[in-house]
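Asks: Have a look at this fold, sequence not included:
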């Protein structure tokens, strides 16, 4: 079993090939669509039931709490470090991914670790820690069930909260047969038992446990870990050394504020009132404690976060990694989940923070991977205006001339057309003529589920034709969908005839 991952794209990253493949994968589309829509509907219902009309007020409050902490991050980090150190924890600071890995590898060498158990952590995905540990001979086991299955398949997470959203139980069954020698079964309870039995043996003999943390509480120097499987508790309690690798933006001021985020995190992520296990860790084992690590190391990771602390992008660091924006996003669904984004963070939040972490020139496609429908903003429990941030990055793409020349020319022509009514009318007429020539007849109700019927002086204008294949650069649109053909008459013509008909009715004395 290896810790290698498949998410290492060439830069600059081109999203199109992965999105095209995913768009034609019917099974993948079914997995991702079903899972995200269930989670998104569940989130809406759970938040409505808990907060009613006060939901916006609650998420604004959460956003303000995080924003205040970020505005004074130096103060709260110093307070956290002082209190964590006073509790007996050893606090380290890592400026980048390489330094974070070096610190953890140094701890592993110091204690002569042979086996490490690890709970789910997005920061360690950023740094590639798992592969680094295995490179020095430390066998490392992912203990989150989804992450464990991905590790068996040498695969990468496709979602922030539900990493194996792109797989089904048959893929799990095959992995367990191949890697664990287990009997083939597709029963979820039996698959879970197989994984549990395997992991329990690892917990008992592990030298080191590695986790992330959902929050850092400045006033107490505590780590807060929220899980549904309980694996993180065993990662913390069983090995003699616990290492928490955490982004610097995770700090909040107090336990009082923690309660606000616990109310929002689970409802936004999985539609639960509360995650099953909410563990607060303050320092290593005390003399009267029955379990717990002998050493606690906390690695505070920057890795580009101080760049995002700029005033114009600071709100992005409020993110509590709930995945709600991914579940709400139609683009994330259609590109088959997170792998199409070519980075650790996917969906709307990934489309913004990945170019900031890795360079806009390396990920120019991601800011365009949005319909700007605003669903991500409506779903965000800490009130991050993701659409505004996407628009900002698109503006930078233009200013830095990072968009292809053909795209820039197309947008200039489009803008020129929109500014001149006669050009707009001419282009619309040309479009109608060309699309109707390319179209293939079909039933509107069967293909679109919508009857596009309007009346022009009693005469129906119905678009009952579709283009299955567009030519040239427009071909990409019809790779996974058909293009509806406009009716023979334009909306402007219909509106003008409507006004004439109304005038005629008034002159005739009809209402």
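Replies: The structure has been received and is ready for your questions. The structure presented is a predicted model; accordingly, all values stated were derived computationally and were not measured. Residues are numbered from 1 along each chain as shown.

Asks: use CA for all of it now, contacts and neighbours both
Replies: Will do.

Asks: Who are the contact partners of residue 144?
Replies: Counting by Cα atoms under 8 Å, 6 or more residues apart in numbering, residue 144 touches 118, 119, 120, 229, 231, 232.

Asks: quick one: which of these is most hemmed in?
Replies: The most crowded member of those, judged by other Cα atoms under 10 Å, is residue 118 (30 neighbours).

Asks: beta partners for that one?
Replies: Beta bridges link residue 118 to residue 142, residue 210 when assigned by DSSP bridges.

Asks: got a list of what it touches?
Replies: For residue 118, the contact set (Cα under 8 Å, 6+ apart) comprises 140, 141, 142, 143, 144, 209, 210, 211, 232, 235.

Asks: before we move on, the earlier item: so which of the contacts of residue 144 would you say is closest to residue 201?
Replies: Closest approach between these and residue 201, by Cα to Cα: residue 231, at 12.8 Å.

Asks: Would you mind measuring from the closest one to residue 147?
Replies: Distance of residue 231 to residue 147, given as Cα to Cα, to the nearest Å: 12 Å.

Asks: what do you get for residue 86?
Replies: Residue 86 is 34 Å from residue 147, by Cα to Cα.

Asks: More neighbours: which of these two?
Replies: The neighbour comparison of residue 86 against residue 147 (other Cα under 10 Å) goes to residue 147, with 22 against 14.

Asks: Show me which helix runs longest in the chain.
Replies: Ranked by residue count under DSSP state H, the longest helix found in the chain is helix 26-51.

Asks: And the contacts of the next helix-or-strand element following it?
Replies: The helix or strand immediately downstream of helix 26-51 is helix 55-71, counting by DSSP states H and E. The contact list for helix 55-71 (Cα under 8 Å, 6+ apart) reads 47-48, 51, 76, 249, 251-253, 257, 260-261, 264, 309, 314-315, 317-318, 380-384.

Asks: Select only the buried ones of these in ChimeraX?
Replies: Applied in ChimeraX, the following selects the buried portion of the contacts of helix 55-71 according to 16 or more other Cα atoms under 10 Å:
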select :47,76,249,251,252,253,261,264,309,314,315,317,318,380,381,382,383,384
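
Asks: if you look at the contacts of helix 55-71, which of them are in strands?
Replies: Per DSSP state E, strands hold the following members of the contacts of helix 55-71: 251, 252.

Asks: and the closest residue to residue 33 other than its chain neighbours, what does it touch?
Replies: Leaving aside its sequence neighbours, residue 33 sits nearest to residue 333 (Cα to Cα, 6 or more residues apart in numbering; 5.5 Å). Going by Cα under 8 Å, 6+ apart, residue 333 touches 29, 32, 33, 36, 327.

Asks: now do 10 Å
Replies: Residues in contact with residue 333 (Cα atoms under 10 Å, 6 or more residues apart in numbering) are 22-23, 28-37, 326-327, 347.

Asks: Lowest pLDDT pick from the residues you listed?
Replies: Least confident of the contacts of residue 333 in the model: residue 23, at 83.

Asks: picking that back up, which of the contacts of residue 333 sits closest to residue 488?
Replies: The closest of the contacts of residue 333, once distances to residue 488 are taken by Cα to Cα, is residue 23, at 31.1 Å.

Asks: Can you report how many residues neighbour the closest one?
Replies: 18.

Asks: roughly how far apart are it and residue 38?
Replies: According to Cα to Cα, residue 23 and residue 38 sit 20 Å apart.

Asks: cool, and residue 149?
Replies: From residue 149 across to residue 38, the span is 22 Å (Cα to Cα).

Asks: neighbour-wise, which of those two wins?
Replies: Each of residue 149 and residue 38 has its neighbours counted (other Cα under 10 Å); residue 149 has more, 24 against 14.

Asks: Return every residue with contacts to both of residue 231 and residue 147.
Replies: Common contacts of residue 231 and residue 147 (Cα under 10 Å, 6+ apart): 118, 119, 120.

Asks: Settle this for me: the second one is touching residue 234, isn't it.
Replies: Okay, so that is residue 119. Yes. The pair residue 119 / residue 234 is scored as a contact, 9.1 Å apart, by Cα atoms under 10 Å.

Asks: any residues in contact with both of the two?
Replies: In contact with both residue 119 and residue 234: 143, 209, using Cα under 10 Å, 6+ apart.

Asks: end-to-end on stretch 201-215?
Replies: Span of stretch 201-215 from end to end, Cα to Cα: 29 Å.

Asks: That one: which residues count as buried?
Replies: For stretch 201-215, the neighbour count (16+ other Cα under 10 Å) marks 202, 203, 206, 207, 208, 209, 210, 211, 212, 213, 214, 215 as buried.

Asks: Out of those residues, flag the one nearest to residue 278.
Replies: Among the buried residues of stretch 201-215, and counting by Cα to Cα, the member closest to residue 278 is residue 214, at 9.7 Å.

Asks: measure that closest one to residue 222 for me?
Replies: Going from residue 214 to residue 222 by Cα to Cα gives 11 Å.

Asks: Please enumerate the shared neighbours of the two.
Replies: Counting by Cα under 10 Å, 6+ apart, the contacts common to residue 214 and residue 222 are residue 251.

Asks: Could I get the phi/psi values of residue 244?
Replies: Dihedral pair for residue 244: phi -110, psi 120, per degrees, to the nearest 10.
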